[in-house]
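Engineer: Sharing a sequence plus its predicted fold:
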Amino acid sequence: MKHISAQLIAPCGMNCNLCSARLRAEKHIVKCPGCRAAETEKPRSCVGCVLKNCAIIKNNNWKYCSPQCPQFPCQRLRNLDKRYRTKYGLSMIANLESIARIGIRKFVAGEEKKWVKNGKVFCVHNKKYY
């Protein structure tokens with residue numbers, strides 16, 4: 001059974017499958033559907049995300065920020081990457097480079113091996129398995 005979905009890999013390279021907002025265990029709290037969900041289903045922070053709404057990504061019909069972009073990695077992506085590397089040991093830039101190099105299917109398969117143990121997904125934000 002797959003626990004990591006390609007649909008939950010954000011344009012910035014974040015693996016939303018590992019996010020605490022997605023993995024919430026509380027039944028009364030709605031799980032985040034990820035940034036690729038319909039606008040009405042997403043948190044406000046995702047709807048207005050600069051990286052998700054990047055004109056270069058949209059104009060090139062890319063699903064992700066790309067090393068092919070002349071601005072890659074842009075300042076916004078570098079800031080996000082630095083924060084996640086420092087706090088959570090996760091690099092969006094490395095994820096995006098890997099997706100560009102090996103493709104999304106192989107990337108997702110690698111993420112499955114890396115983050116899923118005994119049928120549970122590791123949450124990068126609170127360091128617990130769900």
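Structural biologist: Structure received.

Engineer: okay, CA-based contacts and neighbour counts for the rest of this
Structural biologist: Will do.

Engineer: which residue sits closest to residue 123 in space, ignoring its chain neighbours?
Structural biologist: Nearest non-adjacent residue to residue 123, counting by C-alpha to C-alpha, 6 or more residues apart in numbering: residue 18, 4.7 Å away.

Engineer: pLDDT weak spots in the chain?
Structural biologist: Residues of the chain meeting the criterion pLDDT under 70: 1, 25-28, 30, 39-45.

Engineer: And the residue nearest the centre of it?
Structural biologist: Centroid check for the chain by C-alpha atoms, centre = their mean gives residue 14 as the closest residue, at 2.1 Å.

Engineer: Hmm, that one is touching residue 93, no?
Structural biologist: No. Contact between residue 14 and residue 93 fails when scored by C-alpha atoms under 8 Å: they sit 9.1 Å apart.

Engineer: what's the longest strand along the chain packed up against?
Structural biologist: The single longest strand within the chain, with elements called by DSSP state E, is strand 120-123. Using 3 or more C-alpha pairs under 8 Å, 6 or more residues apart in numbering; DSSP states H and E, the elements in contact with strand 120-123 are strand 128-129.

Engineer: Give me the contact list for the strand it packs on.
Structural biologist: Applying C-alpha atoms under 8 Å, 6 or more residues apart in numbering, the contact partners of strand 128-129 are 120, 121, 122, 123.
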